[in-house]
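> test case, fold it:
(2 chains)
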Amino acid sequence: MAPTTPIKNALQASAPSDAIQVQGWVRTRRDSKDFSFIELNDGSSLKNLQVIARNSLPNYSDIQKLTTGASLRVNGALVASQGKGQKWELVADKIDIVGPAGDSYPLQKKGHTPEFLREIAHLRPRSNLFGSVFRVRSRLAFAIHQFFQERGFIYVHTPIITGSDCEGAGELFRVSTIDLKNPPRKGDDIDYAKDFFARQTYLTVSGQLEAEAFACALSKVYTFGPTFRAENSNTSRHASEFWMIEPEMAFCDLNGDMDLAEEIVKYLVRDIRENCPDEMDLFSKFVDKELLARLDFVLERPFQRTTYTEAIDLLKNSGEKFEFPVEYGLNLQSEHERWLTEKHFKCPVTVFNFPKEIKPFYMRLNDDGKTVTAMDLLVPGIGEIVGGSQREERLDVLQENMRRHKMDPADYKWYLDLRRYGTVPHAGFGLGFERMLMFVTGVSNIRDVIPFARTPGSAEF
RNA sequence: UCCAGAGUAGCUCAGUGGUAGAGCGGUCGGCUGUUAACCGAUUGGUCGUAGGUUCGAAUCCUACCUCUGGAGCCA
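Below you'll find the predicted structure:
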């Protein structure tokens, strides 16, 4: 079989070519007097290749019946286009109709709403918008690995099935092979000692604890994989299955942690700006007209930093009327975060040193005894994109934190061992992959940056 | 889970108590190196579901389902 030229390469050709082969799907077809124009797309780029099908082709009557969505293999000559709008076009010597699409094919050449395309998630990557989103998703994943690998971080595959529910109950998916109709029992309770893993197990909500173990051996590590939350969250920013990037650094404090978070956000924005120009152009035209200006702004301006206490003061003195109260000891609400990043600082802002009462047990207690070394990186349009902290490395303080959070230290023996043997200051954060993708593409619903989204009540496909 | 809004043709929508509509798509024909081509014709409906009010309901009422926006939780 002759080698196939990706349409992306054909469009970037520097010289005509007598004989190439392309394969792809029909986007549109227009008849002319003695021939037909076919716009062919193979997903290698946003742009289509214009194919000229002359009426001298033996199967021209079949070609005239082609509709959007049909798949073709075309052999012909790549020549300079006579028309405007494209540099090259392919004059076909032979067109094989690999698979016709029929008149029930749901995608038109006209634009569709993202909501409709979501209902046909198996076909939506054939649209300009979703093809672009998923090409950028691929590039973003690559850039993440590149960022960490360039800096000497070691990629750790933390487990997806886990026995620890460190973030608290009620938000995990149970993993079990127990027969739901006839479960083994111990008294009135289900006997999980008879389950597959001889204990209760769940889908992971975070690889952090395991990443800490590896950071305390390999110094700088990162995880990048799927995580799961059984929260009944119905918003455009939450999914039940999503990907998270979690670096963890030994011999690192909160400042180093904040530095890394700001550095990676800038790095990823710059990488996508440079490597996905066609896609970014599409997003800025059809998704969010302010996108490029906002991203360039993020690249140019230094990120701001403010303590939680200062942020509360700023909010209190802002003169702004907020729906929710601003009070020391309360969580910052979405409207507060938006005001800080969009109205006050007008750039990404990192808030740090939060009251210990509103943060998890593993965050390091500051010397004031009131705050912990937590940090949230807020970006305009999305809100919180990174959450991280310096971890509590002192065994006695960590055990006290656990008791304060009504946790049994005995359940976390292996985690406490990290503090018993060669403990070190260490820090890390979680960066939501989809939220980052939303930020760089301008796409406003998380369901539209995941190939097949899982959300409460919805796991079709 | 809470608050608000919306479900009418394959898609986007109009129709607000009295015969179910348009544009796009599809189909047929015409024209044409076209660019979301153009021109003409045509096709296409259990008005989200189930009850109720009424002589009569897409339209008013109730419940439920789904989607969207916002909120909580967070990444």
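> gap between the residue in chain A positioned nearest to RNA strand B and residue A:52?
Scanning chain A for the residue nearest RNA strand B gives residue A:83, at 2.1 Å (criterion: C-beta to the nearest atom of the strand). Every residue, glycine included, has its C-beta placed from N, CA and C. Computed as C-beta to C-beta, to the nearest Å, the residue A:83 to residue A:52 distance reads 10 Å.
> which one's more surrounded, those two?
Neighbours of residue A:83 and residue A:52, each counted by other C-beta atoms under 10 Å, are more numerous for residue A:52; the result is 21 against 9.
> dump the residue contacts of the more buried one.
In this structure, residue A:52 makes contact with A:35-38, A:76, A:89-92, judged by C-beta atoms under 8 Å, 6 or more residues apart in numbering.
> just the buried residues from the residues you listed, in PyMOL please.
Applying 16 or more other C-beta atoms under 10 Å to these, the buried members can be selected in PyMOL as follows:
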select buried, chain A and resi 35+36+38+76+89+90+91+92
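> list just the nearest of the contacts of residue A:52 to residue A:24.
For residue A:24, the nearest member of the contacts of residue A:52 is residue A:38. The distance, counting by C-beta to C-beta, is 9.6 Å.
> what does the one helix or strand that closest one maps to rub up against?
Secondary-structure element containing residue A:38, defined by DSSP states H and E: strand A:35-41. Counting contacts by C-beta under 8 Å, 6+ apart, the residues outside strand A:35-41 that touch it are A:7, A:22, A:24-31, A:47-55, A:60, A:63-64, A:66, A:72, A:74, A:90, A:126, A:131.
> what average pLDDT does it get?
In this model, strand A:35-41 carries a mean pLDDT of 94.
> and after it, which helix or strand comes next?
Next along from strand A:35-41, by DSSP H and E: strand A:49-54.
> just list what the next helix or strand after that following strand packs against, helices and strands only.
Beyond strand A:49-54 on the C-terminal side, the first helix or strand identified by DSSP H and E is helix A:60-63. Applying 3 or more C-beta pairs under 8 Å, 6 or more residues apart in numbering; DSSP states H and E, one finds that helix A:60-63 contacts strand A:35-41, strand A:49-54, strand A:88-99.
> just put those in JSON lines and tack on distance to RNA strand B.
What follows is these, written out as JSON lines (distance: least, C-beta to the nearest atom of the strand, whole Å):
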{"stretch": "strand A:35-41", "distance to RNA strand B": "4"}
{"stretch": "strand A:49-54", "distance to RNA strand B": "5"}
{"stretch": "strand A:88-99", "distance to RNA strand B": "5"}
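> and those: which comes nearest residue A:397?
Distances from residue A:397 to each of the helices and strands packed on helix A:60-63 were compared using C-beta to C-beta; the minimum, 58.2 Å, belongs to strand A:35-41.
> good, we can wrap up now.
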